[in-house]
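1. Below is the structure, and that's it, no one-letter string:
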């Protein structure tokens, strides 16, 4: 098999990896915000629950979380295991796992905004929602960009974990090719895919950071 | 007292803000003991005194950033707090719209341009017409000597310019009374002068103001009444002449002597 064919097969797998990547972001970016709010809530049980959630999500391997989400419905509710359920389990596991990390990044950003900003907004009569949306959030975005970029880059590579549950993404394809072709080349090509995509992620993040560099505080 | 009694009863006009028997503690520390203060329309009150004397806490209670433990607070006809219990949210919002606050460290919104800092609250809180607000914001900024800074962001301005922008931001809300919390404490003498000049202009226009300040000569010049606070009480008050030139109380004398007045 020539390089072009292998690259083509890997590219097909990479489309699946990209789907995991995109769906995870679409789900976990907003969910992380809810978790961050819960974590900072003055309602004690809610804050405690969020802490527990974050602790479990960060404290156990994503791979185990995928298995848990895949198998628990089967053992507990007797729902049959299908290829579809495998895919959904993967996406759900990625979303709930990354939401925990994003929640902590959001929290660090939100808590870093000086109290004076809230007080100035309060005296001017902004509601709590207005204060958050107009005053706090835009400043938070700027402050958390480097940490978010880190996390998003990690996510690109973490999509390869879906291989362990049997979702056919790029890493799964690479492994199969390595075995059938008795060559390490598919791994090298897969690595290039991850790296090049992350260069893109980095470039986009850089653009956003430059756009937000019109002020400092 | 009902509204009709108030309208017919007093010779002096209704105070813009009235605080009676205010008490405030943080934990075991009592920061305000039984403070009463009323400010009449057009009056300029300077509050002086040592750090930790309760000046800033008093201002924070007047601006609803802190809640009193006891006492009454009202803005015009709006009773904000009675015996330390506060009214409902909508009433507090109405009271809030009657004052503006200028902070020691400006607290401008760093991600907004200077113009947007001034325009944003009138548009999004008071729901006023954008073009009308913009015209007013531009003229306020010009009045503050900030022509040409409209499209800059706060970090591009000097401290004095930022403080003047924050004064414009507060004025754009059409407050009945302006509070200043040590407005020049973060500024060097040169920049202090330009901020004080702006405040004097406001005084000349009969803006009602309460100014916490360490600038004695400024207080003497601009204030109709000087209040000396120490240990959470008003030790003495009167005209600048009375309090700064001829203080009666030993504590006031000691404070002023220390500051070489």
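-> Arrived safely, thanks for sending. This structure is a prediction, so every number in the text was calculated from the model and none was measured. Numbers count the residues shown, from 1 in each chain, chains lettered A, B, ... in the order given.
2. Could you use CA atoms for every contact and neighbour count after this?
-> Fine.
3. Quick check: phi and psi at residue A:216.
-> phi -140, psi 160 (degrees, to the nearest 10).
4. same deal with residue B:158?
-> The phi/psi pair for residue B:158 (degrees, to the nearest 10) is phi -70, psi 170.
5. got it, and the one 4 residues further on?
-> The phi and psi torsions at residue B:162 (degrees, to the nearest 10) take the values phi -60, psi -40.
6. cool, residue B:215 as well?
-> phi -90, psi 100.
7. Could I get the pLDDT score of residue A:140?
-> The score at residue A:140 is 98. That number is its pLDDT.
8. mind checking which helix or strand it is in?
-> Using DSSP states H and E, residue A:140 sits in helix A:137-158.
9. Could you pull out the buried residues of that helix?
-> Across helix A:137-158, burial judged by 16 or more other Cα atoms under 10 Å in any protein chain shown covers A:137, A:139-145, A:148-149, A:152-153, A:155-158.
10. List, out of those residues, those positioned next to chain B.
-> Restricting the buried residues of helix A:137-158 to those near chain B by Cα under 8 Å from any Cα of the partner chain leaves residue A:139.
11. Now do the contacts for residue 117.
-> Just going to use chain A. Residue A:117 is in contact with A:135, A:136, B:107, B:108, B:109, counting by Cα atoms under 8 Å, 6 or more residues apart in numbering or on different chains.
12. Let me rephrase: I mean chain B.
-> Neighbouring residues of residue B:117 by Cα under 8 Å, 6+ apart: B:108, B:109, B:169.
13. Those in helices, which ones?
-> Of the positions in the contacts of residue B:117, residue B:169 sit in helices, assigned by DSSP state H.
14. wait, which of the contacts of residue B:117 is closest to residue B:82?
-> residue B:169 (30.2 Å; Cα to Cα).
15. Check the gap between the closest one and residue A:74 for me.
-> According to Cα to Cα, to the nearest Å, residue B:169 and residue A:74 sit 60 Å apart.
16. Around chain B, pick out the residues from chain A.
-> Counting by Cα under 8 Å from any Cα, chain A sits next to chain B at A:116-117, A:119-120, A:122-126, A:135, A:138-139, A:214-217.
17. can we see that at 6 Å?
-> Residues of chain A found near chain B (Cα under 6 Å from any Cα of the partner chain) are A:116, A:117, A:126.
18. Would you reformat these as CSV and include pLDDT?
-> Listed next are the residues of chain A next to chain B as CSV, based on pLDDT from 0 to 100:
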residue, pLDDT
A:116, 97
A:117, 98
A:126, 97
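19. Distance to residue B:251 and secondary structure for those - can I get that in a markdown table?
-> Formatted as a markdown table, the residues of chain A next to chain B follow (distance: Cα to Cα, whole Å; DSSP: H, G, I helix; E, B strand; the rest coil):
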| residue | distance to residue B:251 | secondary structure |
| --- | --- | --- |
| A:116 | 32 | helix |
| A:117 | 36 | helix |
| A:126 | 41 | coil |
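20. Phi and psi next, for residue B:194.
-> phi -70, psi -30.
21. That one: what's its closest spatial neighbour, skipping adjacent residues?
-> residue B:160 (6.8 Å; Cα to Cα, 6 or more residues apart in numbering or on different chains).
22. quick one: average confidence on the strand or helix carrying that neighbour?
-> Residue B:160 belongs to helix B:159-171 when assigned by DSSP H and E. Average pLDDT, helix B:159-171: 97.
23. does chain A sit close to the following helix or strand past that helix?
-> Going down the chain from helix B:159-171, the next helix or strand is strand B:177-181, by DSSP H and E. No: using Cα under 6 Å from any Cα, strand B:177-181 stays clear of chain A, with a minimum separation of 10.9 Å.
24. Report the separation between residue B:139 and chain A.
-> Distance, residue B:139 to chain A, by Cα to the nearest Cα, to the nearest Å: 20 Å.
25. Please, which helix or strand holds that residue?
-> Following DSSP H and E, one finds residue B:139 within helix B:130-143.
26. quick one: secondary structure of residue 51?
-> Since you didn't name a chain, this refers to chain A. With DSSP: H, G, I helix; E, B strand; the rest coil as the basis, residue A:51 sits in helix.
27. switch to chain B, that's the one I care about
-> From three-state DSSP, the assignment for residue B:51 is coil.
28. What is the helix or strand bottoming out on mean pLDDT in chain A packed up against?
-> One helix or strand of chain A scores below all others by mean pLDDT, DSSP states H and E: helix A:62-77, with a mean of 91. Under the contact criterion of 3 or more Cα pairs under 6 Å, 6 or more residues apart in numbering or on different chains; DSSP states H and E, helix A:62-77 touches helix A:83-111.
29. what's the angle from the helix it packs on to helix A:137-158?
-> On the basis of axes from the mean of the first three to the mean of the last three Cα atoms, to 10 degrees, helix A:83-111 is oriented at 140 degrees to helix A:137-158.
30. Quick one: mean pLDDT over helix A:83-111.
-> Mean pLDDT, computed over helix A:83-111, is 96.
31. Can you list the buried residues in it?
-> A:85-87, A:89-110.
32. For that helix, which helices and strands make contact with it?
-> Identification of packing neighbours for helix A:83-111 by 3+ Cα pairs under 6 Å, 6+ apart yields helix A:3-39, helix A:62-77, helix A:137-158.
33. what distance separates the second one from the centre of its chain?
-> Relative to its chain's centre, helix A:62-77 lies at 19 Å (Cα atoms, centre = their mean, to the nearest Å).
34. and if you look at stretch B:30-45?
-> 11 Å.
35. outside of that stretch, which residues touch it?
-> Outside stretch B:30-45, the residues within contact range by Cα atoms under 6 Å, 6 or more residues apart in numbering or on different chains are B:15-25, B:54, B:206-210, B:223-226, B:232-233.
36. returning to what we had before: out of the buried residues of helix A:137-158, the closest to residue B:256 would be?
-> residue A:139 (42.6 Å).
37. how close does that closest one get to residue B:243?
-> Taken as Cα to Cα, the span from residue A:139 to residue B:243 is 45 Å.
38. re the thing from before, mind putting the contacts of residue A:117 in TSV, distance to residue B:33 and neighbour count included?
-> As requested, the contacts of residue A:117 are exported to TSV (distance: Cα to Cα, whole Å; neighbours: other Cα atoms under 10 Å in any protein chain shown):
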residue	distance to residue B:33	neighbour count
A:135	35	21
A:136	35	23
B:107	29	20
B:108	32	26
B:109	34	25
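39. what's the average pLDDT for the helix or strand that residue B:192 is a member of?
-> With elements taken from DSSP H and E, the one containing residue B:192 is helix B:189-204. For helix B:189-204, mean pLDDT is 94.
40. what comes into contact with that helix?
-> When contacts are defined by Cα under 6 Å, 6+ apart, helix B:189-204 is touched by residues B:160, B:184.
41. repeat for stretch B:82-99
-> B:68, B:69, B:70, B:71, B:72, B:80, B:175, B:176, B:177, B:178.
42. tell me which of these is nearest to chain A?
-> Distance to chain A, by Cα to the nearest Cα, is smallest for residue B:175 among the contacts of stretch B:82-99, at 10.1 Å.
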